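Trainee: I would like to see how this sequence folds:
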Amino acid sequence: MATTDDAGQGGGVDVLDRELEKLLEGEQLEDGDHERFSHYVPKDKILESALTGKPVRALCGKKWTPGRDPEKFPVCPDCKRIYERMKA
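Mentor: Coordinates of the predicted model:
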């Protein structure tokens, strides 16, 4: 996932921030289903988390410190939906 505009293509951090604000506005995320999915997070944030131990925030709003193999879980439907909207 791109975190900055690539050669004039849409997306970027501003879009991610706006999407997260829309999703989280007035909503309280619950524990549970989020633990059963792999989530979309900018690659640089994953690397930063690996080096510093700081938590990351997925497109769907889940905040956690990555530590499991994402290949073992299905993709979070909320992250996927938001990512697809960002690409459009």
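
Trainee: so where do the helices sit in this protein?
Mentor: Secondary structure of the chain (DSSP state H): helices at 13-24, 43-52, 77-87.

Trainee: Tell me how many other residues crowd D78.
Mentor: 20 (other Cβ atoms under 10 Å). Every residue, glycine included, has its C-beta placed from N, CA and C.

Trainee: roughly how far apart are the closest residue to it other than its chain neighbours and Y83?
Mentor: Leaving out its chain neighbours, the residue that sits closest to D78 by Cβ to Cβ, 6 or more residues apart in numbering is C60, at 3.7 Å. To Y83, C60 is 10 Å away according to Cβ to Cβ, to the nearest Å.

Trainee: Need the overlap of contacts for the two.
Mentor: Y40 (Cβ atoms under 8 Å, 6 or more residues apart in numbering).

Trainee: C76 contacts G61, doesn't it?
Mentor: No. Using Cβ atoms under 8 Å, C76 makes no contact with G61, being 10.1 Å away.

Trainee: Give me the more crowded residue out of those two.
Mentor: Taking neighbours as other Cβ under 10 Å, C76 and G61 compare with C76 leading, 22 against 19.

Trainee: hang on, the earlier thing: show me which of C60 and Y83 is the more surrounded one.
Mentor: Neighbours per residue (other Cβ under 10 Å) separate C60 from Y83, with C60 holding more: 22 against 18.

Trainee: Just give me the neighbour total for the residue nearest to P77 when sequence neighbours are not counted.
Mentor: Among residues not flanking P77 along the chain, F37 sits closest, at 7.6 Å (Cβ to Cβ, 6+ apart). Neighbour count of F37, defined by other Cβ under 10 Å: 19.

Trainee: and if you look at the one 3 residues further on?
Mentor: By the measure other Cβ under 10 Å, the count of residues near Y40 is 19.
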